[in-house]
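# just coords:
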DNA sequence: AGTATTTTTTTGAGGCTCGAAAAAAAGGGC
DNA sequence: GCCCTTTTTTTCGAGCCTCAAAAAAATACT
């Protein structure tokens, strides 16, 4: 039910807004913050004074030296205090686990990576590895453990809409692992379980806000096909699960066998295994197999060398993606698309058929104006997204909490 | 850019919230409002006192007599003052134009309907008819014209996302008619141009909030296939146009000819003309034709009588709708669906194939839990939706405006 | 050095919401 | 019939928050 706005919520929200403005802008002056938030100078002054007293922000005299040529009292840049808090990101992907500790200003202060056989690992061991790698980072004597305010874990696969559990993942036969609860209980630090493609979208929004602002799509072209969707500037998630199962939209009813067991999904034509299967001349009913990134890169090279089954496989992948995107664009209006993952490096092979297919769909009216970016490496994006997610949580929930007995307001 | 919350916004929003609570609950007491909004009694008392002074609300002593058995001071019901404002709804559909005047409490106080040949009518005449029918209602001596605060026009077809213009419609070859601007200029009353399926969704939310609250889908099965989508309790609209062109998702790449000129759209299998074409044994390439509601009803009767091309046509329609819904449910999670329009009356013929198709898609995991409602008559729904839309506009934009010099606060 | 310019802080006023207490309006019990 | 209890509504004072304007601060220009 919609609920009224309490008086104290106001300060809370405006605090969060100031923090967000500083995080976005880097080192804005109070005046800049006032301009972007629309609040008055006095309000900004009061709030930032509080935040500095609480150690959340710091004044950094060193504003851009170029600006010092201006007349008048020089602006004082406000920056996030790196020591105000820290967050931990955990990214679990196929046979690979990586952790990073990130300070409040967003700098990586420590990391650790580890190979493991996720496909065969039993439940307890997989959970154990994740907990252990976090524990090792937290036990680092250089780290002030008390300052770790959030753990964000990203995983390939479907998570629940409350960001608590992994429901299903291609990297393990295991299902329904409540990683967020497990980590929270283990370390007494608030945790979240995020979907990989959603984190990619968050990272893109952070990396290039000019291009990826209000509406855009991040598509992971890897073993499976995943999607992160941002609408009106917000991550779009399903009501129960992490959302957009773009890879499992139906491309051809009753068509090729998909890893999910159904037939005709987009992924059954555009996933790594599908491209491989098609290039090798195997049946569309052939059981999906794991194909490594080096093999896929070799396949792309072969496809570029001349017309043949390899090039045809990429063409079919492009067609499936194009019709899928076309249907998506029929529902939401066209938006910028980022292609991420190993097959994004072969996007030159995919794009022609993809554009042709889009042009045949409702979204195709603007097919020429739709632009694609490619990024072959998904892992850094996922980690960055987790970091931003976690930091935003700290910004909003820890440093601008619902009810807080704020102390020492007028320190004078 | 996200903007701070101003202090005066607070009262504005809480006013809007009180009005909304009264509109939803009928005749709530101040205590009930305080409970549902979470605001304090004193705030509610102050706001409702203002609203009564301004003639927006009225006290209606006559609370449910059943409640008078309770001890204590009896609650005073608050109701919307029907005379506080009025709105006009205009619904333009195939060969049919209807207008209604509705008071602030939501009661219809006047209406007029008119047949006209929308398909052949030239631009100026179509606009002229719409303006003229509104003018006749506004000239009604029984009506206090000054109180008309909003005109909401609903039309079958695509509108722009700002609710200003009709971009395209199946009921006329004309395109890009800025009806909202035209009506606004003509009558100096704020106007909006709404999409029919979106209004159906708004009406469903109002009629049965228990079932249609946060996430649901309204699908119009008529000449074309349209969709209204509500996510998180809000109408989902595209960034440029009115949104969900569900009917033009691709069902079979390169398949049957659609009215939109492309091939394989859901509509090319499930629209009236598609069912008719299929039942008559015509080619999938046959030019779409207009089929009247009586013919469609006759077709459904024939299909129920025995297996044959008619039944097969409905089966195919169900299959197309099922795969479309399945793809939609892959993107958003499954939600209740309302089928509206003449073919909703033949839903018994459509449902088996539809459910079978859904079960083959990603959304199919929950296919048994997905429930369908049917409503054969779309026009009342569209009008109701327009009325609610217009009234909500008055609630929020007129009676809780951004900046207002409120007068006579403490009348004592 | 003095003036101009721009940023930041301070101050006072006005509004809003909240909690507590008072007032109002019934029904119930004796 | 009168007083007490219960519940709703209003009133009142306090505490915050924001805003606008003025004051203070810091630097460039002349």
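Good, I have the coordinates. The model shown is predicted, which means the values in this text are computed figures rather than measured ones. Numbers count the residues shown, from 1 in each chain, chains lettered A, B, ... in the order given.
# just give me the longest helix of chain A.
Of all segments of type helix in chain A, defined using DSSP state H, the longest is helix A:309-331.
# that one packs against which elements?
Under the contact criterion of 3 or more CB pairs under 8 Å, 6 or more residues apart in numbering or on different chains; DSSP states H and E, the helices and strands touching helix A:309-331 comprise strand A:216-221, helix A:267-270, helix A:272-279, helix A:293-305, helix A:347-359, helix B:309-331. C-beta: built from backbone N, CA, C; applies to glycine.
# could you pull out the helices in the stretch 51-200 of chain A for me?
With DSSP state H, counting those that start in this stretch, the ranges of helices along the stretch 51-200 of chain A come out as A:123-138, A:179-187, A:196-207.
# is the next helix or strand after the longest helix of chain A up against chain B anywhere?
Where DSSP states H and E defines the elements, the next helix or strand beyond helix A:309-331 is strand A:337-340. No: for strand A:337-340, no contact with chain B is found by CB under 8 Å from any CB of the partner chain; the gap never falls below 14.2 Å.
# list the pairing partners of strand A:337-340 within its sheet, with orientation.
strand A:216-221 (parallel), strand A:372-375 (parallel) (DSSP bridges).
# of the helices and strands packed on helix A:309-331, which approaches DNA strand D most closely?
Relative to DNA strand D, the nearest member of these by CB to the nearest atom of the strand is strand A:216-221, separated by 31.4 Å.
# how far does the closest one sit from the chain's center?
What separates the centre of strand A:216-221 from the centre of its chain is 10 Å, taken as CA atoms, centre = their mean, to the nearest Å.
# likewise for stretch A:282-299?
From the chain centre to the centre of stretch A:282-299 is a distance of 26 Å (CA atoms, centre = their mean).
# against residue A:91, how distant is the closest residue to residue A:204 other than its chain neighbours?
Among residues not flanking residue A:204 along the chain, residue A:212 sits closest, at 4.4 Å (CB to CB, 6 or more residues apart in numbering or on different chains). Distance from residue A:212 to residue A:91, counting by CB to CB, to the nearest Å: 20 Å.
# neighbour-wise, which of those two wins?
A side-by-side neighbour count of residue A:212 and residue A:91, using other CB atoms under 10 Å in any protein chain shown, places residue A:91 first with 26 against 23.
# surely that one is in contact with residue A:113?
No: using CB atoms under 8 Å, residue A:91 makes no contact with residue A:113, being 9.2 Å away.
# now do the shared contacts for these two.
Common neighbours of residue A:91 and residue A:113 (criterion: CB atoms under 8 Å, 6 or more residues apart in numbering or on different chains): A:97, A:98, A:99.
# which of these tops the neighbour count?
Neighbour count (other CB under 10 Å) singles out residue A:99 as the most crowded of the shared contacts of residue A:91 and residue A:113, with 24 neighbours.
# tabulate the strands paired with strand A:337-340 (TSV), appending mean neighbour count and mean pLDDT.
TSV is the format used below for the strands paired with strand A:337-340 (neighbours: other CB atoms under 10 Å in any protein chain shown; pLDDT from 0 to 100):
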stretch	mean neighbour count	mean pLDDT
strand A:216-221	28	96
strand A:372-375	18	95
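# nearest to residue B:200, out of these?
In terms of CB to CB, the element of the strands paired with strand A:337-340 nearest to residue B:200 is strand A:216-221, at 27.7 Å.
# what pairs with the next helix or strand after the closest one, parallel or antiparallel?
Scanning forward in sequence from strand A:216-221, with DSSP H and E defining helices and strands, the next element found is strand A:225-231. Each strand paired with strand A:225-231, and its direction, by DSSP bridges: strand A:216-221 (antiparallel), strand A:234-235 (antiparallel).
# what sits against the closest residue to DNA strand C within the stretch 251-400 of chain A?
Residue nearest to DNA strand C within the stretch 251-400 of chain A (CB to the nearest atom of the strand): residue A:400, separated by 18.1 Å. Residue A:400 is in contact with A:12, A:13, A:15, A:16, A:19, counting by CB under 8 Å, 6+ apart.
# for those residues, give me TSV that also has distance to residue B:302.
As requested, those are arranged in TSV below (distance: CB to CB, whole Å):
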residue	distance to residue B:302
A:12	64
A:13	61
A:15	67
A:16	63
A:19	67
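# closest to residue B:345 out of the strands paired with strand A:337-340?
Go through the strands paired with strand A:337-340 one by one with CB to CB and the one that ends up closest to residue B:345 is strand A:216-221, at 37.8 Å.
# okay, the angle between that closest one and helix A:293-305?
Angle, strand A:216-221 to helix A:293-305, by axes from the mean of the first three to the mean of the last three CA atoms, to 10 degrees: 100 degrees.
# for the residue in the stretch 51-200 of chain A that DNA strand D sits nearest to, grab phi and psi.
Proximity to DNA strand D, evaluated over the stretch 51-200 of chain A using CB to the nearest atom of the strand, is greatest for residue A:73 at 3.4 Å. Here is the backbone geometry of residue A:73 (degrees, to the nearest 10): phi -60, psi 130.
# mind checking pLDDT for it?
Turning to residue A:73, the model gives it a pLDDT of 80.
# how about residue A:332?
Note for residue A:332: predicted pLDDT of 87.
# quick check: phi and psi on it?
Residue A:332 adopts backbone torsions of phi -110, psi 160, taken as degrees, to the nearest 10.
# was I right to think it contacts residue A:227?
No: under the criterion of CB under 8 Å, residue A:332 lies out of contact with residue A:227, with a separation of 11.6 Å.
# compare these two and say which is more crowded by neighbours.
When residue A:332 and residue A:227 are compared for neighbours, residue A:227 comes out ahead with 27 against 23, by other CB under 10 Å.
# what is the burial count for the residue nearest to the more buried one when sequence neighbours are not counted?
On the basis of CB to CB, 6+ apart, the spatially nearest residue to residue A:227 that is not a chain neighbour turns out to be residue A:246, at 3.6 Å. When neighbours are counted by other CB under 10 Å, residue A:246 registers 28.
# so how far is residue A:267 from residue A:246?
9 Å.
# who touches both of those two?
residue A:225.
# what ranges does the stretch 51-200 of chain A have for its strands?
Shown for the stretch 51-200 of chain A, the strands assigned by DSSP state E, counting those that start in this stretch span residues A:57-60, A:77-80, A:86-93, A:96-103, A:108-115, A:148-155, A:158-159, A:166-168, A:191-195.
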